[in-house]
Every structure is written in C-alpha cells, then in structure tokens.
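*Asks:* A predicted structure for the sequence below; I have some questions about it.
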Amino acid sequence: MTDIDPAEPVPSPDAVPSTRARAEGWDLYDDEDEWGSGEWEQEAEKPPRPWPSSSAAYVAVMIVGLVGLVLMAVVGWGQAEANLFRPGALLVATAVCLAALVRALASESTAGMLVLRSRRVDVAVYVALGVAAVVLAIVVPPPS
C-alpha cells in the first residue's frame, strides 16, 4: 500500500493528472488512451438522419391513433351518431397493434420514438395494450 502525503495538495477535477498518477495508470481521461484521440468529437458532428427515414413509422402510428381519437371525440361532443365510437376505438387499438408490428420488424433507427426499452419488452407491452384496447372497444357499449 502506498503512503499518502497529507501535505500534497488535492488537485481539482479539471487539473492535469500528476506524473505519479500517469505512472500508476490512473489517467482515464488522456487524449491518447485506448479510446483514441478525439474520435468521439468526430461522431458528434455527424448530421442527423433525414426526417422521413427516421420518423415515418412513428408518424404513421400517430396518424392512425389520432384519427381514432377524433372519431371518438366527435361522438363525445354530440356531432355525430354513436355508431362512430366503436370504429374510433378500434382505430386506436389498431394504432397500438401497428406500433407492436413496427417495433417487432423494424430496426431501432427506423422505429424512432417507438423504441422505449428492449425489443421484446416493447413488443410485449404494445401487444398487451393493443389486445386490451380491442377487447374494450368490442365490449364497452357506445355512448347513448
């Protein structure tokens, strides 16, 4: 075990590591270590992916879900007959099932914001929510 000299000043986190630290292999932030010299800076300068390829699946799911919500809301505001409630609810359920399908088949970059956790967890949650929404859309009576 090495002796610690209490008289030696404690360096600030921004200070350059001492020669002793470099000799003992403590320098984790050296520019010329195993991570390369500044390669992470080059990765940060890459332009973002173009909009359609990175978000098209997410936008499609959102559009289907919004159309279903609008159909249900129109019924709720009394602007349409109650027979639009069930198709609206089924469209919302279809949007969730579509999210499960996209998440199961598409890559993480293509699925965009549908990626929340691992692929298996995402698909399981989307399928469970989609099936529950379909069951509720069929079982719940439309407003009168």
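*Replies:* Perfect, thanks for sending it. The structure displayed is predicted, hence computed values, not measured ones.

*Asks:* Pull out the buried residues from the helix or strand hosting residue 59.
*Replies:* Under the criterion DSSP states H and E, the helix or strand holding residue 59 is helix 51-76. Residues of helix 51-76 classed as buried by neighbour count (16 or more other Cβ atoms under 10 Å): 55, 57, 58, 61, 64, 65, 67, 68, 71, 72, 75. No exception for glycine: its C-beta is placed from N, CA and C like everyone else's.

*Asks:* Summarise which helices and strands the following helix or strand past that helix is packed against.
*Replies:* For helix 51-76, the following helix or strand on the C-terminal side (DSSP H and E) is helix 85-105. Judged by 3 or more Cβ pairs under 8 Å, 6 or more residues apart in numbering; DSSP states H and E, helix 85-105 is in contact with helix 51-76, helix 108-111, helix 119-139.

*Asks:* quick one: helix 85-105 to helix 51-76, angle?
*Replies:* Orientation check (axes from the mean of the first three to the mean of the last three Cα atoms, to 10 degrees): helix 85-105 against helix 51-76 gives 160 degrees.

*Asks:* Return helix 85-105 as PDB; C-alpha atoms alone will do.
*Replies:* Extracted as PDB, the C-alpha positions of helix 85-105 are listed here (Å, rounded to 0.1, in the frame of the first residue of the first chain):
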ATOM      1  CA  PHE A  85     -67.500   5.400 -31.400                       C
ATOM      2  CA  ARG A  86     -66.600   1.700 -31.900                       C
ATOM      3  CA  PRO A  87     -64.700   2.300 -35.200                       C
ATOM      4  CA  GLY A  88     -62.700   5.100 -33.500                       C
ATOM      5  CA  ALA A  89     -61.800   2.900 -30.500                       C
ATOM      6  CA  LEU A  90     -60.800   0.100 -32.900                       C
ATOM      7  CA  LEU A  91     -58.600   2.500 -34.800                       C
ATOM      8  CA  VAL A  92     -56.800   3.500 -31.600                       C
ATOM      9  CA  ALA A  93     -56.300  -0.300 -30.900                       C
ATOM     10  CA  THR A  94     -55.100  -0.700 -34.400                       C
ATOM     11  CA  ALA A  95     -52.500   2.000 -33.900                       C
ATOM     12  CA  VAL A  96     -51.100   0.300 -30.800                       C
ATOM     13  CA  CYS A  97     -51.000  -3.000 -32.700                       C
ATOM     14  CA  LEU A  98     -49.300  -1.300 -35.600                       C
ATOM     15  CA  ALA A  99     -46.700   0.100 -33.100                       C
ATOM     16  CA  ALA A 100     -46.100  -3.500 -32.000                       C
ATOM     17  CA  LEU A 101     -45.700  -4.700 -35.500                       C
ATOM     18  CA  VAL A 102     -43.300  -1.900 -36.400                       C
ATOM     19  CA  ARG A 103     -41.300  -2.400 -33.300                       C
ATOM     20  CA  ALA A 104     -41.000  -6.100 -33.900                       C
ATOM     21  CA  LEU A 105     -39.900  -5.800 -37.600                       C
END
